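> what's the 3D shape of this:
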Amino acid sequence: MARNSCDQNDEDLDPQDWRALRELAHRMVDDSLDELRERRTMPVWRAPPEGARDYFARAAPRQPQSPESVYREFQEHIRPYPMGNTHPRFWAWFMGGGTPFGALADFLASAMNSNVGGGNHAAPMVERQVIEWIKEILHFPARASGLLLSGASMANLTGLAVARHAMARSDVRADGMQLIPEPMVVYASTEAHGSVQKAVELLGFGQRQYRRIPVQDDYTVDLGALKAAIAADRAAGLRPICVVGNAGTVNTGAIDDLAGLAQLCRQEGLWFHVDGAIGAVAILAEGGRKWLDGLDLADSVALDLHKWMQMPFEVGCVLVRDRSIHRQAFSLVEDYLEPQERGLAASQPWFMDYGMQTTRQFRALKVWMLLKEHGLARFGRLIERNLAQARYLAERVTASSTLELMAPVPLSIVCFRFNPGGIGEAMLDRINMEIMIRLQEEGTAALSDTILRGRRCLRAAIANHRSQYGDFDLLVAET
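A predicted model of the protein is given here:
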């Protein structure tokens, strides 16, 4: 076909000098790998300087600048001030540290720029295989469905949306929640993650139909109190539909009696959803597996892969035992997206039929590549080491005359505080907050804080594949 003469003047966004971009790309990769290799020698965290807010308040650029100058700005204003979770002594929140190969996988996925809503191309095949692998890890049946999402917050929302569809006695997609004759009730412990409450609110149940069940001394849900709450709601004319169990609470890592919850849900005819954001993949480690009996009995499970599986942000997953109910809750096929028997629109199922997104990034590639690079056995060993490190830290705290362990340590979250004795609770709160902030500002270690039974404490969430035992000795010495 003859080239239109005006095409010579048409713009696009590809580089004018491919060789120069290639050289810059090599430098970017080298700098990034150097940064990761030397991360231990750097502060865990450093505060952005006072001028950072002004720099990032500038107006949008109207004219182009060279990629080299853009990268120089990144090097000066962005790279030196990360969150810190790639550092071995980052334990502020339960986050994985990422890996170099995972970062490269994200680059490859971005370069392919595939939309994994559906279609006949490689990316959906990769996601299907990854979902099968996750089902295998959690011992879910082959008939189950799954979906990769941004994280467990969206996975909780998706799982509860399927529960609502399955348990409503009317067509909730057609009629909405307004015509539900009996208000539907969802149950979770007081230690459940805030994303569960957000999901309850967004799905139209409302806070008043969300029961926060008390916990026992080990911060697991009180099954007796749960049974009593279900009975009371039924007597009041409400309709219990779902129980959310915790496979690792965000505060202490507590794991509910999942087998007991599964049995209760079967007896009561309720949907059983498990928030396994923190602990579900601990099934790969012997020290975690013993706590997770009953996980495979759930109707739906939410989990994160960017935590203990060390995948770069962001990637989580939801599994649903009944594939057909999962699809019924979300499927809506537009005319222009109708699957075909041949061509680009062929291939079933389309992932957009199992969640809210039509446009979906190629999250599965980094999961696929990292699982192949390391294998499940290595991930299990690293999780086991984190579990042992948590026990080690707890032992160091217990042996100290000035530190106090604040909760059991079933997984790898250690809650403790500085308490030399003879100091009131209000002053202890202020002292421990100051310790936490100084450790952060000095770049020594990143901890977070939480409140357990009205007492503020420090919280070390250990999910870092780079942490060594000496790092915990340093933490105890500096606290």
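> So H77 is in contact with Y55, correct?
Yes. Taking contacts as Cβ atoms under 8 Å, H77 lies within contact range of Y55: 5.8 Å. Every C-beta, even on glycine, is put in place using the N, C-alpha and C of the backbone.
> if I pick R72, what's in contact with it?
Contact partners of R72, counting by Cβ atoms under 8 Å, 6 or more residues apart in numbering, are absent.
> nope, I134 is what I meant
F140, G146, L303, C317, L319.
> How about the second one: what's its closest non-neighbour residue?
Excluding its sequence neighbours, the residue lying closest to G146 (Cβ to Cβ, 6 or more residues apart in numbering) is I131, at 3.7 Å.
> ok but V162 is inside a strand, no?
No. Counting by DSSP: H, G, I helix; E, B strand; the rest coil, V162 is not found in a strand; it is helix.
> Give the burial count for it, as a bare number.
27 (other Cβ atoms under 10 Å).
> Flag the shaky bits of the stretch 1-150 of the chain, pLDDT-wise.
1-8 (pLDDT under 70).
> Do a quick rundown of the helices in it.
18-37, 52-55, 67-77, 100-112, 122-138 (DSSP state H, counting those that start in this stretch).
> Just say which of those is most tucked in.
Mean neighbours per residue, mean count of other Cβ atoms under 10 Å, is largest over those for helix 122-138, with a mean of 19.
> what angle do that one and helix 100-112 make?
For the pair helix 122-138 and helix 100-112, the angle between their directions (axes from the mean of the first three to the mean of the last three Cα atoms, to 10 degrees) equals 150 degrees.
> quick one: helix 122-138 to chain centroid distance?
When C-alpha coordinates are averaged (Cα atoms, centre = their mean, to the nearest Å), helix 122-138 and its chain have centres 18 Å apart.
> With just CA atoms, put that helix into PDB.
C-alpha atoms of helix 122-138 as PDB (Å, rounded to 0.1, in the frame of the first residue of the first chain):
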ATOM      1  CA  ALA A 122      -1.000 -15.700  25.800                       C
ATOM      2  CA  ALA A 123      -1.700 -13.500  28.800                       C
ATOM      3  CA  PRO A 124      -5.100 -15.100  29.800                       C
ATOM      4  CA  MET A 125      -3.500 -18.500  29.400                       C
ATOM      5  CA  VAL A 126      -0.800 -17.500  31.900                       C
ATOM      6  CA  GLU A 127      -3.400 -16.300  34.400                       C
ATOM      7  CA  ARG A 128      -5.400 -19.500  34.100                       C
ATOM      8  CA  GLN A 129      -2.300 -21.500  34.800                       C
ATOM      9  CA  VAL A 130      -1.400 -19.300  37.800                       C
ATOM     10  CA  ILE A 131      -4.900 -19.700  39.200                       C
ATOM     11  CA  GLU A 132      -4.600 -23.500  38.900                       C
ATOM     12  CA  TRP A 133      -1.300 -23.300  40.800                       C
ATOM     13  CA  ILE A 134      -2.900 -21.200  43.600                       C
ATOM     14  CA  LYS A 135      -5.800 -23.700  43.800                       C
ATOM     15  CA  GLU A 136      -3.300 -26.500  44.100                       C
ATOM     16  CA  ILE A 137      -1.400 -24.600  46.900                       C
ATOM     17  CA  LEU A 138      -4.600 -24.100  48.900                       C
END
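> thinking again about what came up before, can you tell me which of the helices of the stretch 1-150 of the chain is nearest to S467?
helix 18-37 (14.9 Å; Cβ to Cβ).
> Packing partners of the closest one?
When contacts are defined as 3 or more Cβ pairs under 8 Å, 6 or more residues apart in numbering; DSSP states H and E, helix 18-37 sits against helix 67-77, helix 100-112.
> Could you export those helices as TSV, including distance to L157?
What follows is the helices and strands packed on helix 18-37, written out as TSV (distance: least, Cβ to Cβ, whole Å):
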stretch	distance to L157
helix 67-77	33
helix 100-112	24
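> ok so, going back, looking at the helices of the stretch 1-150 of the chain, spot the one closest to F90.
For the helices of the stretch 1-150 of the chain, the distance to F90 is smallest for helix 18-37, at 13.2 Å, taking Cβ to Cβ.
> list the contacts for P410?
D218, T252, G253, A254, I255, W291.
> Of all the helices and strands packed on helix 18-37, which one is nearest H165?
Nearest to H165, of the helices and strands packed on helix 18-37 and by Cβ to Cβ, is helix 100-112 at 30.9 Å.
> Next, the angle helix 18-37 makes with the closest one.
150 degrees.
> that older thread, residue contacts, the residue nearest to G146?
S145, G146, L147, L148, C317, L319.
> if I look at the third one, how far off is L319?
Same thing as L147. Here the criterion is Cβ to Cβ, to the nearest Å. By it, L147 lies 8 Å from L319.
> So for the two, which sits in the more crowded spot?
Using other Cβ under 10 Å as the criterion, L147 and L319 rank with L319 on top: 28 against 25.
> Surely that one forms part of a strand?
Yes. Judged by three-state DSSP, L319 forms part of a strand.
> measure it to G159 for me?
Look at L319 and G159: by Cβ to Cβ, they are 8 Å apart.
> Overlap of the contact sets of these two?
S300, V301.
> from the contacts of P410, which two are the most distant?
Top of the distance list for these (Cβ to Cβ): T252 and W291, 12.6 Å.
> The two: which is more packed in?
Taking neighbours as other Cβ under 10 Å, T252 and W291 compare with T252 leading, 27 against 22.
> Tell me who's in contact with that one.
Taking Cβ under 8 Å, 6+ apart as the test, what T252 contacts is E191, Y219, A407, P408, V409, P410, I413, C415, L452.
> Would you mind checking which of those residues is nearest to A377?
For those, the nearest to A377 is P410 (22.6 Å; Cβ to Cβ).
> For that closest one, give me phi and psi.
phi -70, psi -30 (degrees, to the nearest 10).
> From E384, how far off is it?
Distance of P410 to E384, given as Cβ to Cβ: 14 Å.
> Which parts of the stretch 151-300 of the chain are strands?
184-189, 210-213, 239-246, 271-276, 300-304 (DSSP state E, counting those that start in this stretch).
> Let me have those in CSV, extended by mean neighbour count, mean pLDDT and distance to R360.
Below are those laid out as CSV (neighbours: other Cβ atoms under 10 Å; pLDDT from 0 to 100; distance: least, Cβ to Cβ, whole Å):
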stretch, mean neighbour count, mean pLDDT, distance to R360
strand 184-189, 25, 98, 27
strand 210-213, 20, 98, 29
strand 239-246, 26, 98, 25
strand 271-276, 29, 98, 22
strand 300-304, 31, 98, 17
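> Let me have those in CSV, adding distance to A25 as columns.
Below are the strands of the stretch 151-300 of the chain laid out as CSV (distance: least, Cβ to Cβ, whole Å):
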stretch, distance to A25
strand 184-189, 47
strand 210-213, 49
strand 239-246, 43
strand 271-276, 38
strand 300-304, 30
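> Minimum distance to Q65: which of those strands has it?
Nearest to Q65 among these is strand 300-304; the distance by Cβ to Cβ comes to 37.2 Å.
> Give me the distance between the closest one and the centre of its chain.
The chain centroid and the centroid of strand 300-304 are separated by 9 Å under Cα atoms, centre = their mean.
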